[in-house]
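Novice: From the sequence below, what's the structure:
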Amino acid sequence: MRGSRNFPGFEPHLRRKTSPLEKLAMSTRILTIAVLCLMTSAAAAQTAPQADDGAVVLRLSESAVRQVTQDRLRASLRVEVGGADARSVQGQVNAKMAAALEKAKAVAGLRVETAGYYVYEDRTLRRGQRWWGNQGLTLIGSDAAALLALAGQLQDDGLVMGGLAYELAPETRRRIEGELIPEAIQKLREKAETTAHALGLTHLRFREVRLGDVAAPRLQPLGLATVMAADRTQPMAPPAAEPGETPVAVQVEAEVQLRP
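Specialist: Numbering: from 1, shown residues only. Below you'll find the predicted structure:
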């Protein structure tokens, strides 16, 4: 049989008793860890998305579009003068623009705006004069006949037409958009109901609805080169214009919740 052997300096291992203070510290650490675990679990429960049992969420979009006849005309003209010195050029631009404004303001219901004023030196003399000046004038109105008649008079006075185009007035666009919103929502609801029927679900609830509009493309005005190429030896007749149509559209996006 093997007997125990004692070596010099060797003492049998004895379990040390834990003091009350050490027991209290250990209990405190255990309690702290438990509290932290509970707080972490509570935070995770708050941030986790709450799933709806048996619910299906659809993301749908629909739009309503209407072609609307353009109801406002915009004409862009400009005074353009060449001369030997800057002073005389600016004086002629100022006088011609003042006369044009006087005529334009006499037309009822017409919105009149002046555009940029530029004076520059052309040392190459490619256009026959050293100094050139120009200033823009914009006419906007819903009475096309009155605007076109005025534009013809201004052209005859020497103003150059830079652009002529019909457009849709902002107030008309807002009115049409207001009429299209219920139409777009109804189409969206019909699409949601069709989808729900196909999935065997019936209960509908709109969780979120977003409205938007589709901007209509702007018409390109008549090019400057085409206007300047016209025969100036012929008597000036007023310009002619016919309105087109502008598409106005409203888009609706929504999240729909379907349940059995």
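Novice: From now on I want contacts and neighbour counts done on CA atoms only, so please keep to that.
Specialist: OK.
Novice: low pLDDT regions in the stretch 101-250 of the chain?
Specialist: 213-235 (pLDDT under 70).
Novice: repeat that for 80
Specialist: 126-128, 202-204, 212-236 (pLDDT under 80).
Novice: Mind jotting down where the strands sit in the stretch 1-150 of the chain?
Specialist: 56-69, 72-83, 111-121, 131-141 (DSSP state E, counting those that start in this stretch).
Novice: I'd like the ones you listed as a markdown table, with mean neighbour count and distance to Glu183 appended.
Specialist: Output for those, formatted as a markdown table (neighbours: other Cα atoms under 10 Å; distance: least, Cα to Cα, whole Å):
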| stretch | mean neighbour count | distance to Glu183 |
| --- | --- | --- |
| strand 56-69 | 16 | 6 |
| strand 72-83 | 21 | 26 |
| strand 111-121 | 14 | 34 |
| strand 131-141 | 21 | 30 |
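Novice: Can you add distance to Ala198 and give these back as JSON lines?
Specialist: Formatted as JSON lines, the strands of the stretch 1-150 of the chain follow (distance: least, Cα to Cα, whole Å):
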{"stretch": "strand 56-69", "distance to Ala198": "13"}
{"stretch": "strand 72-83", "distance to Ala198": "47"}
{"stretch": "strand 111-121", "distance to Ala198": "55"}
{"stretch": "strand 131-141", "distance to Ala198": "52"}
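Novice: Out of those strands, which is closest to Leu258?
Specialist: strand 56-69 (5.0 Å; Cα to Cα).
Novice: confidence score at the nearest residue to Val89 once chain neighbours are set aside?
Specialist: Computed as Cα to Cα, 6 or more residues apart in numbering, the closest residue to Val89 that is not its neighbour in sequence is Gly83, at 5.5 Å. Per-residue confidence at Gly83 stands at 93 (pLDDT).
Novice: To Leu147, which of the strands of the stretch 1-150 of the chain lies closest?
Specialist: strand 131-141 (6.8 Å).
Novice: tell me the secondary structure for Ala237?
Specialist: Going by DSSP: H, G, I helix; E, B strand; the rest coil, the secondary structure assigned to Ala237 is coil.
Novice: Now the longest helix along the chain: buried residues?
Specialist: The helix that spans the most residues within the chain, counting by DSSP state H, is helix 170-199. By neighbour count with 16 or more other Cα atoms under 10 Å, helix 170-199 contains the buried residues 172-173, 176-177, 180-181, 183-185, 187-189, 192-193, 196.
Novice: thinking again about what came up before, my read: the residue nearest to Val89 touches Trp131, true?
Specialist: Yes: using Cα atoms under 8 Å as the test, Gly83 is close enough to Trp131 to be in contact (5.3 Å).
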